[in-house]
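A.B. asks: below: sequence and its predicted model.
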Amino acid sequence: MAEHVDVLIEDARWEGLNLTHLAEHAFKATFGILGLGRTGYEISLLGCDDATISGLNAEFREKPVPTNVLSWPAFDLAPAQVGGKPVAPPAPDTGPFETGLGDIAISFDTCAREAQEQQITVEDHVTHLVIHAALHLLGYDHETDADAERMEALEIKALETLNIANPY
């Protein structure tokens, strides 16, 4: 699991959801299903609003619109597979992770709206999105149908460990 989650709350509405707690559980579930255990990774998480995430989306993806979550891996990782099972990246003290695994930004406005549209709790939706972003930090993506299926399967498995229903 990520041993250190550095959460910066820019939008006070996140305080009511205890974003730090949700993120810690999401990271623990993600790292657990990948068999990574306690790793010492540091992950930074920004709890913001649609205005901030729209600016970040414009700056980094040239899409000047709000989105639910963005992630910036510190390193270009591709999830290695041995016998169909993910292989852990190097531990922080033996690999390139001294500065952390990466950064995540998540928008309260979009998350709350999407949760309402999907008729699920905001907490469950945020947990799902943090799991999704954590997988991105570890090199997973959804550029192809096969990659998307693999990533969704991992998300579902991580959510199951937290007793959260399949969002797909």
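C.D. replies: All right, it came through fine. Numbers count the residues shown, from 1 in each chain.
A.B. asks: and Val5, what does it touch?
C.D. replies: 20, 23-24, 27, 42-43, 45 (Cβ atoms under 8 Å, 6 or more residues apart in numbering). To be clear about C-beta, it is placed using only N, CA and C from the backbone, and glycine gets the same treatment.
A.B. asks: strands paired with the helix or strand hosting it, and their directions?
C.D. replies: With elements taken from DSSP states H and E, the one containing Val5 is strand 4-9. Using DSSP bridges, strand 4-9 pairs in its sheet with strand 42-48 (parallel).
A.B. asks: ok, back up a step: need the contacts of Val5 in JSON lines with distance to Asn68 and neighbour count, can you?
C.D. replies: Listed next are these as JSON lines, based on distance: Cβ to Cβ, whole Å; neighbours: other Cβ atoms under 10 Å:
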{"residue": "Thr20", "distance to Asn68": "18", "neighbour count": "16"}
{"residue": "Ala23", "distance to Asn68": "14", "neighbour count": "25"}
{"residue": "Glu24", "distance to Asn68": "19", "neighbour count": "20"}
{"residue": "Phe27", "distance to Asn68": "17", "neighbour count": "28"}
{"residue": "Glu42", "distance to Asn68": "23", "neighbour count": "18"}
{"residue": "Ile43", "distance to Asn68": "17", "neighbour count": "25"}
{"residue": "Leu45", "distance to Asn68": "13", "neighbour count": "29"}
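A.B. asks: if anything else comes up later, I'll come back, but that's it for now.
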